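> Pasting the sequence and the predicted model now:
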Amino acid sequence: MNTEMVVEEEKQTVKMMNGAEMVLQALEEEKVEVLFGYPGGAVLPIYDALYKKNLRHILTRHEQGAIHAAQGYARVTGKVGVVLATSGPGATNLITGIADAMIDSLPLVILTGQVATTVIGTDAFQEADVLGITMPITKHNYQVRSVEELPGIIKEAFHIARSGRPGPVLIDIPKDVSNAIGTFSYDKEVHLPGYQPKMTPNILQVRRLNEAIANAKKPVILAGAGVLFAKGHNELLQMAETLNIPVTNTLLGLGSFPADHPLFLGMAGMHGTYAANMALYECDLLINIGARFDDRLTGNLNHFAKNAVVSHIDIDPAEIGKNVKTHIPIVADAKKALEAILEECQTPAKCEGWIEELGAKKESYPLWYEKDGETLKPQRLLEIIHEVTKGEAIVTTDVGQHQMWAAQYYKFKNPHRWVTSGGLGTMGFGLPSAIGAQIAEPDSTVVAVVGDAGFQMTLQELSMIQELSLPLIVVIVNNLALGMVRQWQEEFYEKRYSESLLPVQPDFVKLAEAYGIKGAVAVSEEEVETHLRTALETKTALLLDVRVTPDEKVYPMIAPGKGLHEMIGVKP
Amino acid sequence: MRRIVTATVYNRSGVLHRLTGLLTKRNFNIESISVGPTDEPNISKITLIVHVSDDTKVEQLVKQMHKQIDILKVSDITNFSVVARELALIKVMSTPETRSEITVLIEPFRASIIDVSLDSITIEVTGDGDKIEALIELLRPYGIKDLSRTGVTAFTRGIQKPVSDIKQYSFV
């Protein structure tokens, strides 16, 4: 053999393989640990390649379950969740999860099969324009046109999903591309001139913020999920303590600051605490770190922080000035911004009076409910879950009353323990996302707090608990209704309970048993506690159907269209 | 307020869909949009005329467009000195009697006749929107059979007069 040819061959880092094998090879390069998916015609080549590969695949019972599980995984690990589904209905079943991940900025890479390039556009079997459908609900999306571009696209997709403001990226892979043979190389650097997230803050703006802190008499920090994505919770704690500034959280920001800290005011917003909302209403300096001033947080914008200098730290420049006029914009990664602030300023704010005032509000107007001596209050249920799990569990929810009670009464000490559908408000999110979280952390306690209605939207995923022997605890906060819908009908529609009551339900205990899981009904505090303790001690799965006060409402509340200072249902 | 926004984009399939989809999603109203290649084969230029209620809205538009991965550069050039042109093709009813009358009429607009048939002529005119509107109004009494406008294409002039009211957006 000619020696020159040997040298040539050794230089090659490329390998020949088909598109399907490339997908799996790329996932290996990205150090993907687990894939959530569901097979079908257009992804048969990828599933065939998977058969020969040592990559963990979780076969959920519906594609929606797969994507919510990937979301739960992404939320607790901070890593990219990976989803695989077939063309047409496989892909459209993912839509809710994609939209959910988009609005809550969760990093996902979604691989969908597509009909062969030769028949795209002919209404072929299981064809849907997934690229067009998902364009407005993805951070970016691709349709792969040739096998040569496949590795580069996957590398770009992971980069886009996890960097900057995270989000879902979809790759639509036609079947003939999966089957085509090409050369695989993963060495090429990602080059995206149109996408350059700005990580480090402008130091001049940081100095302006520090000046504002020095001049403020009523400063408050609003910390959102951006702090968690940046893994900046320690820096947040350091900033709040060093500069002596009280902290409130958005719904999705819970866990970024310890709930038992004296400077913590509780969650703000529609069902936030009185102290937190009044702090946002009365403050003279509002420091928003990684929150997007969502309408459920701000209430009527005319009454929101109207006397405050507003500083907004966000990695996404489009969030700055979107809803609230911002005086000190800082486009940066939350952690890097917090570090810069601390580097420039160590002098505590002069706001002792303000802290005392807020402390008094915290004391006088805490979250509250009244026991009636007969029924189990849902708020008490969440307190018991908190006690039994020592406040350290990963808690997932659907959307609605139980979600708000969990946010209010499960006082998170640690970051990345709170998995909820915030922006989109997706029913059925709790169970599958809990499965994803439990897969990410097999040794952690995971509790899915779900509504009796939401649970029935994705309950088929109980199969996962059975199949994978997950020690997952599912608590159904059962009030025989779409609780939040019913609450709004009671308050704003003169008790016309249009289609919101669910008096007929399956026997949830038998349902659990059908899936090989222990099921139980609980009507009292003692029963709840006993079942939970047993499940935790034996590390076995439990489906607990808890019958709570049927007509309990979530308070306090800011009615739609009202300002932060117009709360109803505050402790008298 | 009417804004002229230009964008430099990758000439990839779907990029126009991304942009118009974004405008729909964010509730913006497009007056006109024109797209064409630049001197670089893989780069296109888009000129967009939109109506927005205030500065905040146009800031949002520019920032949201900027987030698109296939969009390389976005500028709101409304407050700069710009050259903006639009082309219109107008097919007007004309008899041998009115033909010379129309020819005289369009002359100050530096428009030209590019097609003639027995009962109509087709006129090509280039200019800003006002000029084209004026010509259309002038020709309307003769009977307009067909009308096609390209939408505005624009960029900033080589020499800028000093302007004070150009807003800086917080990308940094």
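Sure, I can see it.

> in chain B, which spans are strands?
Using DSSP state E, the strands found in chain B span residues B:2-10, B:29-37, B:43-51, B:71-76, B:82-93, B:112-116, B:120-127, B:144-149, B:153-156.

> Chain A: which of these is closest?
strand B:71-76 (4.6 Å; C-beta to the nearest C-beta). Every residue, glycine included, has its C-beta placed from N, CA and C.

> In that closest one, which residues are buried?
For strand B:71-76, a neighbour-count test (16 or more other C-beta atoms under 10 Å in any protein chain shown) marks B:71-72, B:74-76 as buried.

> returning to that earlier point: can you put the strands of chain B in a markdown table and add mean pLDDT?
Formatted as a markdown table, these follow (pLDDT from 0 to 100):
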| stretch | mean pLDDT |
| --- | --- |
| strand B:2-10 | 96 |
| strand B:29-37 | 92 |
| strand B:43-51 | 95 |
| strand B:71-76 | 96 |
| strand B:82-93 | 95 |
| strand B:112-116 | 96 |
| strand B:120-127 | 96 |
| strand B:144-149 | 96 |
| strand B:153-156 | 90 |
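
> out of the buried residues of strand B:71-76, what pair is the most spread apart?
B:Leu72 and B:Asp76 (15.6 Å; C-beta to C-beta).

> For A:Ala481, list the residues it contacts.
Counting by C-beta atoms under 8 Å, 6 or more residues apart in numbering or on different chains, A:Ala481 touches A:452-453, A:497, A:500-502, A:550.

> Can you add distance to chain B, secondary structure and neighbour count and give those back as a markdown table?
Output for the contacts of A:Ala481, formatted as a markdown table (distance: C-beta to the nearest C-beta, whole Å; DSSP: H, G, I helix; E, B strand; the rest coil; neighbours: other C-beta atoms under 10 Å in any protein chain shown):
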| residue | distance to chain B | secondary structure | neighbour count |
| --- | --- | --- | --- |
| A:Asp452 | 34 | helix | 24 |
| A:Ala453 | 29 | helix | 24 |
| A:Tyr497 | 33 | coil | 13 |
| A:Ser500 | 30 | coil | 18 |
| A:Leu501 | 35 | strand | 15 |
| A:Leu502 | 34 | coil | 17 |
| A:Pro550 | 40 | coil | 14 |
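
> Let's have the residues you listed in a markdown table, adding pLDDT and distance to A:Gly353.
Compiled in a markdown table, the contacts of A:Ala481 are given as follows (pLDDT from 0 to 100; distance: C-beta to C-beta, whole Å):
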| residue | pLDDT | distance to A:Gly353 |
| --- | --- | --- |
| A:Asp452 | 98 | 47 |
| A:Ala453 | 97 | 46 |
| A:Tyr497 | 97 | 47 |
| A:Ser500 | 97 | 46 |
| A:Leu501 | 96 | 49 |
| A:Leu502 | 95 | 50 |
| A:Pro550 | 94 | 44 |
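
> domain assignment for chain A?
As given by automatic domain parsing, the domain ranges for chain A are A:13-184, A:203-364, A:378-554.

> scratch that, chain B is what I was asking about
B:2-76, B:83-154.

> how about the longest one, does it reach chain A?
Yes. Between domain B:2-76 and chain A, judged by C-beta under 8 Å from any C-beta of the partner chain, the touching residues are B:10, B:14, B:17-18, B:21-22, B:24-25, B:56, B:59-60, B:63-64, B:66-72.

> now those: which count as buried?
Using 16+ other C-beta under 10 Å, the buried members of those are B:10, B:18, B:22, B:59-60, B:63-64, B:66-72.

> which of those residues lies closest to A:Thr534?
Distances from A:Thr534 to those, taken by C-beta to C-beta, are shortest for B:Lys67, at 49.8 Å.

> Remind me which helix or strand the closest residue to A:Gln460 other than its chain neighbours belongs to.
Computed as C-beta to C-beta, 6 or more residues apart in numbering or on different chains, the closest residue to A:Gln460 that is not its neighbour in sequence is A:Arg61, at 4.1 Å. A:Arg61 belongs to no helix or strand when elements are defined using DSSP states H and E.

> A:Val310: what secondary structure?
strand (DSSP: H, G, I helix; E, B strand; the rest coil).

> Enumerate every residue touching it.
Listed by C-beta under 8 Å, 6+ apart, the contact set of A:Val310 reads A:286, A:288, A:324-328.

> Now do it, the pLDDT please.
Here, the pLDDT recorded for A:Val310 equals 98.

> gap between it and chain B?
From A:Val310 across to chain B, the span is 12 Å (C-beta to the nearest C-beta, to the nearest Å).

> For that residue, name its beta-bridge partners.
Following DSSP bridges, A:Val310 is listed with bridge partners A:Leu286.

> all helices of the stretch 1-150 of chain A, in order?
All helices of the stretch 1-150 of chain A, identified by DSSP state H, counting those that start in this stretch, fall at A:3-11, A:19-29, A:44-51, A:63-77, A:89-92, A:95-103, A:130-134, A:150-162.

> and those helices as a markdown table, adding distance to chain B and mean pLDDT?
Shown next, in a markdown table, are these (distance: least, C-beta to the nearest C-beta, whole Å; pLDDT from 0 to 100):
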| stretch | distance to chain B | mean pLDDT |
| --- | --- | --- |
| helix A:3-11 | 29 | 47 |
| helix A:19-29 | 19 | 98 |
| helix A:44-51 | 23 | 98 |
| helix A:63-77 | 20 | 98 |
| helix A:89-92 | 16 | 98 |
| helix A:95-103 | 11 | 98 |
| helix A:130-134 | 7 | 97 |
| helix A:150-162 | 7 | 98 |
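
> Deepest-packed of these, please.
helix A:63-77 (a mean of 29; mean count of other C-beta atoms under 10 Å in any protein chain shown).

> Which elements pack onto it?
Applying 3 or more C-beta pairs under 8 Å, 6 or more residues apart in numbering or on different chains; DSSP states H and E, one finds that helix A:63-77 contacts strand A:34-37, strand A:81-85, helix A:95-103, strand A:108-114, strand A:418-419, helix A:430-440.

> What mean pLDDT does the helix with the most length in chain B get?
For chain B, the helix that runs over the most residues, judged by DSSP state H, is helix B:55-67. Mean per-residue pLDDT for helix B:55-67: 95.

> Residue 52: how many residues sit nearby?
You didn't say which chain, so I picked chain A. Neighbourhood size, A:Lys52 [other C-beta atoms under 10 Å in any protein chain shown]: 8.

> looking at chain B here, not the other one
B:Val52: 18 neighbours (other C-beta under 10 Å).

> show me what contacts A:Tyr369?
Contacts of A:Tyr369 (C-beta under 8 Å, 6+ apart): A:377, A:379-380, A:552, A:555.

> Highest neighbour count among the residues you listed?
Neighbour max across the contacts of A:Tyr369 (other C-beta under 10 Å) = A:Gln379, 23 neighbours.

> thought that residue was touching A:Gln408?
Yes. Assessed by C-beta atoms under 8 Å, A:Gln379 is found in contact with A:Gln408 at 7.3 Å.

> Next, show the common contact partners of those two.
A:Leu367.

> Where do the strands of the stretch 251-400 of chain A begin and end?
Along the stretch 251-400 of chain A, the segments classed as strands by DSSP state E, counting those that start in this stretch run A:264-267, A:285-289, A:309-314, A:328-331, A:394-397.

> Right, I'll call it a day here.
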